[in-house]
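Novice: What follows is a predicted structure for the sequence shown.
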Amino acid sequence: MKSARVVLSVDIGGTKCAVALARTDGEILARRSEPTRAAERKPEQVLAGLAAMAREAIADAGMAPGDVAGVGVSCGGPLDRERGVILSPPNLPEWKAVPVRAFFEEALGLPVRVENDANATALAEWRFGAGQGARHLVFLTMGTGIGGGIILDGRLVHGANDLAGEIGHQTILMNGPVCGCGKRGCLEALASGPAIARLARDSMMYGRHKRVLALAGGRPADITAAHVVQAAREGDPFACQILEEAGTYMGIGIANVIQILNPERVILGTIAVHAGDLILDPIRAAVAEYAWERSRQVCAIVPAALGDRAQDLAGVALWVED
Ligand SMILES: [Zn+2]
């Protein structure tokens, strides 16, 4: 790896925006964040807020913009990476064709790289987290959605128009539940956080759901994946069964990926980190059933390692070079 440089990471999320000044070896020097408030603020105002936080973070570290090698922007896709334009992310419905790279080049006078958040987080886990040492890996978020990033032969795979790695939208179940993307039976509609909550609501019968419902304050509509995970950690059999069902779908999706890409590591985010073996066991069992032994015996399925730092390191990883 080349000697470490200082770069600025910019994370544009649906609920929170953050900047971090960091070295390319992963050391974070300064950070700032604020709520996105996308409903009240136009995209230009959100970007101006980020540029202001960026200048503050640079000053906090006792540096000047000239000390920074570049800016790495991570945000929800779809986006046009070549042009540095955010197209229409589901988590920011008012953002349509927003030229983020041109904005930050102008506002900060620095070169800017833009990447979708799942790809950028895949790079961050590879460089700094659970993917270190691997040359072929797949990263999957398991949160509000199931985003994916693929690294093969030590390179992030983008595809013909930046849509490679949309692993959450492979079809798992013909005529299955409707997905946020409009298709039916996508992996995301069966194993994401909202899907786990829906599985719990749909399965409430014979009073077996009492612990999950109690954690949601007695309101079925308020059940989230976090309630299911918490109840499962307490040993609640109903919650464990829900995680087993979602984990089985997830495992089938991962088996397909292993069968096609032959990765040496599959790294799973949020829910896998919180639930641990409660969901990793059914995932691994389904992979054992649906992927070739020779493919899966070289592939470790592991939880993500960066936790809250992933958001800051995603943009940093765009500037790490071999
Ligand atoms: Zn979908």
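Specialist: Structure's in. What do you need?

Novice: quick one: the helices in the stretch 151-300 of the chain?
Specialist: Listed in chain order, the helices of the stretch 151-300 of the chain (DSSP state H, counting those that start in this stretch) span 188-191, 193-202, 210-215, 225-233, 237-261, 270-275, 277-290, 293-296.

Novice: where are the low-confidence patches of the stretch 1-150 of the chain?
Specialist: Where the stretch 1-150 of the chain drops to pLDDT under 70, the residues are 1-2.

Novice: Tell me where the model's unsure across the stretch 201-322 of the chain.
Specialist: Scanning the stretch 201-322 of the chain for pLDDT under 70 picks out 205-207.

Novice: hmm, 90 instead?
Specialist: Scanning the stretch 201-322 of the chain for pLDDT under 90 picks out the ranges 202-210, 220, 308, 321-322.

Novice: Report how many residues lie close to Leu308.
Specialist: Not Leu; residue 308 is Asp. Neighbours of Asp308 under the rule other C-beta atoms under 10 Å: 6. C-betas here are computed from N, CA, C, even on glycine.

Novice: same question, Thr36
Specialist: 20.

Novice: which ones are touching it?
Specialist: Ile12, Gly13, Gly14, Thr15, Lys16, Cys17, Val46, Leu92 (C-beta atoms under 8 Å, 6 or more residues apart in numbering).

Novice: hang on, the earlier thing: would you tell me which one of the helices of the stretch 151-300 of the chain is buried the most?
Specialist: Sort these by mean neighbour count, taking mean count of other C-beta atoms under 10 Å, and helix 188-191 sits at the top with a mean of 28.

Novice: who are the neighbours of that helix, in terms of helices and strands?
Specialist: With contacts defined as 3 or more C-beta pairs under 8 Å, 6 or more residues apart in numbering; DSSP states H and E, helix 188-191 has these neighbours: helix 237-261.

Novice: And stretch 300-309, end to end?
Specialist: Stretch 300-309 has an end-to-end distance of 22 Å (C-alpha to C-alpha, to the nearest Å).

Novice: Actually, stretch 84-100.
Specialist: 6 Å.

Novice: Report the buried residues of it.
Specialist: Residues of stretch 84-100 classed as buried: Gly84, Val85, Ile86, Pro89, Asn91, Leu92, Trp95, Val98, Pro99, Val100 (neighbour count, 16 or more other C-beta atoms under 10 Å).

Novice: Format these as JSON lines; extra columns: distance to the ion.
Specialist: Output for these, formatted as JSON lines (distance: C-beta to the ion, whole Å):
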{"residue": "Gly84", "distance to the ion": "26"}
{"residue": "Val85", "distance to the ion": "23"}
{"residue": "Ile86", "distance to the ion": "20"}
{"residue": "Pro89", "distance to the ion": "15"}
{"residue": "Asn91", "distance to the ion": "15"}
{"residue": "Leu92", "distance to the ion": "18"}
{"residue": "Trp95", "distance to the ion": "20"}
{"residue": "Val98", "distance to the ion": "23"}
{"residue": "Pro99", "distance to the ion": "27"}
{"residue": "Val100", "distance to the ion": "25"}
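
Novice: Contact residues of this structure facing the ion?
Specialist: Contact residues (C-beta under 5 Å from the ion) of the chain with the ion: His169, Cys179, Cys181, Lys183, Cys186.

Novice: Go ahead and confirm Arg208 touches Phe238.
Specialist: Yes. Between Arg208 and Phe238 there is a contact under C-beta atoms under 8 Å: 4.3 Å.

Novice: Which of the contacts of Thr36 sits closest to Leu306?
Specialist: Closest approach to Leu306 among these (C-beta to C-beta): Gly13, at 15.4 Å.

Novice: wait, that closest one sits on Asn91?
Specialist: Yes. At 6.9 Å, Gly13 counts as touching Asn91 under the criterion of C-beta under 8 Å.

Novice: How many residues are close by the nearest residue to Gly70 once chain neighbours are set aside?
Specialist: Among residues not flanking Gly70 along the chain, Pro111 sits closest, at 4.6 Å (C-beta to C-beta, 6 or more residues apart in numbering). Close neighbours of Pro111, defined as other C-beta under 10 Å, add up to 15.

Novice: quick one: Pro111 from Pro65, how far?
Specialist: Distance, Pro111 to Pro65, by C-beta to C-beta, to the nearest Å: 12 Å.

Novice: Tell me the one of the contacts of Thr36 nearest Val71?
Specialist: Checking the contacts of Thr36 against Val71 by C-beta to C-beta gives Ile12 as the nearest, at 11.9 Å.

Novice: what pairs with the closest one across the strands?
Specialist: In this entry, Ile12 is beta-bridged to Cys17, Cys75, by DSSP bridges.
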